[in-house]
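**Student:** I'll drop the sequence and a predicted model, then ask my questions.
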Amino acid sequence: MAFNIVRAESDFPGERSRLCRHRDVVQVLKGNKGTQKIKGISLDTSELSRQIHLKSDAFAMMDGLRFLNFYHYDAFAMMDGSSKEKILHLPPTGLEYLPNELRYLRWDGFPSKSLPPSFRAEHLVKLDLWGSKLVKLWTGVKDVGNLRKIDLTQSYYLTELPDLSMAKILVCLQLENCPSLTEVPSSLQYLDKLEEINLLGCKNLRSFPMLYSKVLRKLAISPCLDLTTCPTISQNMESLELRKFQSKKFHNQLLASCNVFI
């Protein structure tokens, strides 16, 4: 019913409010036929029959886009290379533009080294770039006051995180298996709404800031052989996972400040 209502909006996919059929999505993106009428795009890339090469300005005409969801039903298959033919590709220069109205951005296997510099992200609530090619998210400080969740799991090339001091209501930070990441920004200590941080598999992590969030419930760090800075841990912690710490003193300091160890 909902699909028929959307199709009835226009015979041309680029003139509809939502796109979810992969043929319509591909037609609009490859032909740069998007318009400001499009509010949401959802695409299961496993449905693609071949590689799709997008232009760097594929979203330039979609100023009204609020929901962008490029997902793969089996993200692990995408990561191990068995679904390489079903990936959205960009030019070497990366993505030049994303609409500033975006609230939700999920792009499994995001192929750019960073988000576009012009993307303000001020309305963004959830950022999910699982398995991305990111080296960094962005440069400088952005007013991301609506951002509640960041998931960069399996972003193997990620070397740094930006200053997140403006992400005042950030609840969840997922950085599992980001082996190139060496430090977590000190701005995290100012985020008092943080409830969950996952750094499992960040094996080259060397520094970690003090954490003053009183609502932090879950913290996972492993393996971190070179980590020497010990964060202050909330007494409300429910789950703490530590593995392969070189310093027993560091390990014991963390355990002593928690109620539960898993």
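**Tutor:** Yep, it's here. On a predicted model such as this, the values are computed, not experimentally measured, just so you know.
**Student:** Would you map the helices across this protein?
**Tutor:** Per DSSP state H, the chain carries helices over the ranges 2-7, 22-30, 75-79, 248-256.
**Student:** And the second one, what does it pack against?
**Tutor:** If I follow you right, that is helix 22-30. strand 40-44, strand 52-53 (3 or more Cβ pairs under 8 Å, 6 or more residues apart in numbering; DSSP states H and E). For the C-beta atoms, the positions are set from N, CA and C on the backbone; glycine is no exception.
**Student:** How far away from the center of its chain is it?
**Tutor:** Here the centre of helix 22-30 is set off from its chain's centre by 23 Å, with Cα atoms, centre = their mean, to the nearest Å.
**Student:** mean pLDDT for the helices and strands packed on helix 22-30: which is lowest?
**Tutor:** Of all these, the minimum mean pLDDT falls on strand 52-53 (a mean of 88).
**Student:** so who does the residue lying closest to Lys168 once chain neighbours are set aside touch?
**Tutor:** Closest residue to Lys168 apart from its sequence neighbours, by Cβ to Cβ, 6 or more residues apart in numbering: Gly145 at 5.8 Å. For Gly145, the contacting residues are Glu122, Met166, Ala167, Lys168, Ile169, by Cβ atoms under 8 Å, 6 or more residues apart in numbering.
**Student:** and the second one, what is it in contact with?
**Tutor:** Looking back up the chat, that one is Met166. Contacts of Met166 by Cβ under 8 Å, 6+ apart are Val141, Lys142, Asp143, Val144, Gly145.
**Student:** My guess is the first one contacts Pro185. True?
**Tutor:** No. Under the criterion of Cβ atoms under 8 Å, Val141 makes no contact with Pro185, lying 10.4 Å away.
**Student:** residues bridging contact with the two, i.e. touching both?
**Tutor:** Pro162, Asp163.
**Student:** Which residue ranges of this structure form strands?
**Tutor:** 18-19, 40-44, 52-53, 67-71, 88-89, 104-107, 126-128, 149-151, 172-174, 196-200, 218-222, 239-242 (DSSP state E).
**Student:** In JSON lines, list those along with mean neighbour count and distance to Lys30.
**Tutor:** Listed next are the strands of the chain as JSON lines, based on neighbours: other Cβ atoms under 10 Å; distance: least, Cβ to Cβ, whole Å:
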{"stretch": "strand 18-19", "mean neighbour count": "22", "distance to Lys30": "13"}
{"stretch": "strand 40-44", "mean neighbour count": "19", "distance to Lys30": "12"}
{"stretch": "strand 52-53", "mean neighbour count": "16", "distance to Lys30": "7"}
{"stretch": "strand 67-71", "mean neighbour count": "18", "distance to Lys30": "14"}
{"stretch": "strand 88-89", "mean neighbour count": "16", "distance to Lys30": "10"}
{"stretch": "strand 104-107", "mean neighbour count": "20", "distance to Lys30": "16"}
{"stretch": "strand 126-128", "mean neighbour count": "19", "distance to Lys30": "24"}
{"stretch": "strand 149-151", "mean neighbour count": "19", "distance to Lys30": "27"}
{"stretch": "strand 172-174", "mean neighbour count": "19", "distance to Lys30": "31"}
{"stretch": "strand 196-200", "mean neighbour count": "20", "distance to Lys30": "36"}
{"stretch": "strand 218-222", "mean neighbour count": "21", "distance to Lys30": "40"}
{"stretch": "strand 239-242", "mean neighbour count": "17", "distance to Lys30": "44"}
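**Student:** possible to save those as CSV with distance to Leu115?
**Tutor:** Shown next, in CSV, are the strands of the chain (distance: least, Cβ to Cβ, whole Å):
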stretch, distance to Leu115
strand 18-19, 22
strand 40-44, 17
strand 52-53, 20
strand 67-71, 12
strand 88-89, 15
strand 104-107, 9
strand 126-128, 9
strand 149-151, 12
strand 172-174, 16
strand 196-200, 21
strand 218-222, 25
strand 239-242, 29
